[in-house]
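Visitor: Got a sequence here, can you build the structure:
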Amino acid sequence: MEVACVLISDPLLGDPVAAAEATELLVGGLEGMGAEVESERAGEAFFALDGLRGIHGGDSEGVLRAARSAAGAAARLGTGPTRFAAWLAARGRRSPAPVAVLTERIGLPEREAGDLVETLRRLGIETLEALAPLPADRIADRFGPAGLRALRLARGEDSPLRPRRPREELSEEVELPEGAAAGQLERALELLVDRLLAAPPRRGRTVLGLRFGALLAAGGSWSVEQGLGRPSASARVLRSVLSRHLEALPGPVAALRLHAIGLGPPVGEQLELSLRGDEARRRRLGAAIREVRAAQGGEALLQILPLDSASRFPERRAILTPAAFR
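Guide: Next comes the predicted model:
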């Protein structure tokens, strides 16, 4: 098996939220080219080239070209027979690699990993090539399970990849004027929810989870994940669970973001104990609106959303947004 490792450049990893979002974009891009991706740390992703060559030119280089296109010019790629070997190649490590590279991959806290590496060095074991031929029983006696893990990596042995199940995710963003007040934040949240539910890729399905975030006016970002308890496509429910997070914003914001993490069954397939007359009417109206949008596009039906009635600028007083119906 040939494994590829893709690493995002280090400057993107300073902000944990930005790093998570960049990693999600990376993984989504790789999944879009057909790869089954493992990504358990921010800034990195692994996938097997086997099975992809036939759809990307017939060879490994064709797969890697597609991966570079999906990952962006700033990403670094490497390949090898195992996850660890591919990671070393992506980091530009050439043989013989120093035992210090184990500190990031051995699965120990930084201090403990550093102590293990320092002990190896004191014993004269400076490289992975020097570690590989040592007897496993002696390594186990001296270093325990962590030492055996290091020995397996040095010998080119690694666990199989654990690809994640691809997630379906919708996202929307609304920019805010400088110094936006609480009322404007509430209106922006309403707009985000309406746009998310009106997005054609949702195709009438329910939302399983949400990630609500913000770009801060002073720089940086903030986000929080919100479970729903049960699948929902109700604008009222989504606004209700998200509105309380507006109070937790750490400062003035330049934009609000909303991501739907995972899509569930269509609304009509949800189990309900009762269906009042007004709810049934709303369902029929929602079905009619979806038909119009399917034929005329997502912007075919809009509603006026008030933003700031006291603004001196007409464009800030109200905005057109897709009408939100389930």
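Visitor: How many residues are close by the residue nearest to residue 105 when sequence neighbours are not counted?
Guide: Leaving aside its sequence neighbours, residue 105 sits nearest to residue 84 (CB to CB, 6 or more residues apart in numbering; 5.8 Å). For every residue, glycine as well, the C-beta is placed using N, CA and C. As a burial measure, residue 84 scores 25 neighbours (other CB atoms under 10 Å).
Visitor: you'd agree residue 84 is up against residue 158?
Guide: Yes - Residue 84 is in contact with residue 158 according to CB atoms under 8 Å; the separation is 5.2 Å.
Visitor: Just confirm residue 172 is within a strand.
Guide: Yes - assignment of residue 172 by DSSP: H, G, I helix; E, B strand; the rest coil places it within a strand.
Visitor: element containing the residue lying closest to it once chain neighbours are set aside?
Guide: Residue nearest to residue 172 in three dimensions, not counting chain neighbours: residue 195, with 4.4 Å by CB to CB, 6+ apart. For residue 195, the host element (DSSP states H and E) is helix 182-198.
Visitor: on contacts alone, who are the packing partners of that helix?
Guide: Helix 182-198 is packed against strand 169-175, helix 235-243, strand 253-261, strand 302-306, strand 318-322, with contacts defined by 3 or more CB pairs under 8 Å, 6 or more residues apart in numbering; DSSP states H and E.
Visitor: Using CSV, lay out these together with distance to residue 215.
Guide: Below are the helices and strands packed on helix 182-198 laid out as CSV (distance: least, CB to CB, whole Å):
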stretch, distance to residue 215
strand 169-175, 8
helix 235-243, 17
strand 253-261, 4
strand 302-306, 21
strand 318-322, 19
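Visitor: Out of the ones you listed, which is the most enclosed?
Guide: Comparing the helices and strands packed on helix 182-198 by mean neighbour count (mean count of other CB atoms under 10 Å), strand 253-261 comes out on top with a mean of 21.
Visitor: next structured bit after the helix holding residue 195?
Guide: strand 205-216.
Visitor: how about low-confidence regions in this structure?
Guide: Residue ranges of the chain with pLDDT under 70: 10-14, 17, 166-169, 179, 267-300, 303-326.
Visitor: Apply 80 and report the result again.
Guide: 9-21, 165-169, 178-183, 203, 229, 261-326 (pLDDT under 80).
Visitor: how's it carved up into domains?
Guide: Taking automatic domain parsing as the reference, the chain has its domains at 3-90, 99-154, 169-322.
Visitor: Which stretches in the protein count as strands?
Guide: Counting by DSSP state E, the chain has strands at residues 3-7, 37-38, 44-48, 76-80, 169-175, 205-216, 221-232, 253-261, 263-266, 302-306, 318-322.
Visitor: Tabulate these (CSV), appending distance to residue 25.
Guide: Output for the strands of the chain, formatted as CSV (distance: least, CB to CB, whole Å):
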stretch, distance to residue 25
strand 3-7, 12
strand 37-38, 12
strand 44-48, 11
strand 76-80, 16
strand 169-175, 10
strand 205-216, 13
strand 221-232, 14
strand 253-261, 11
strand 263-266, 18
strand 302-306, 29
strand 318-322, 24
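Visitor: And these: which comes nearest residue 61?
Guide: strand 76-80 (10.2 Å; CB to CB).
Visitor: Neighbouring strands of that closest one in the sheet, and parallel or not?
Guide: Counting by DSSP bridges, the strands paired with strand 76-80 are strand 3-7 (antiparallel).
Visitor: ok, residues contacting the partner strand?
Guide: For strand 3-7, the external contacting residues (CB atoms under 8 Å, 6 or more residues apart in numbering) are 26, 30, 43-49, 63-64, 67, 71, 75-83, 85-87, 89-91, 161.
Visitor: do that again at 7 Å, thanks
Guide: Strand 3-7 has contacts (CB atoms under 7 Å, 6 or more residues apart in numbering) with 26, 30, 43-49, 64, 67, 71, 75-83, 86-87, 89-90, 161.
Visitor: swap in stretch 115-134?
Guide: 95-100, 102-103, 108, 143, 146-147, 150-151, 154-155.
Visitor: Quick check: of the residues you listed, which lies closest to residue 21?
Guide: residue 103 (26.8 Å).
Visitor: so who does the residue lying closest to the closest one once chain neighbours are set aside touch?
Guide: Once flanking residues are discounted, residue 103 sits nearest to residue 113: 4.2 Å by CB to CB, 6+ apart. By CB under 7 Å, 6+ apart, the contact set of residue 113 is 102-103, 106.
Visitor: any idea how far residue 113 lies from residue 153?
Guide: 12 Å (CB to CB, to the nearest Å).
Visitor: residues shared between the contacts of the two?
Guide: Common neighbours of residue 113 and residue 153 are listed as residue 102 (criterion: CB under 7 Å, 6+ apart).
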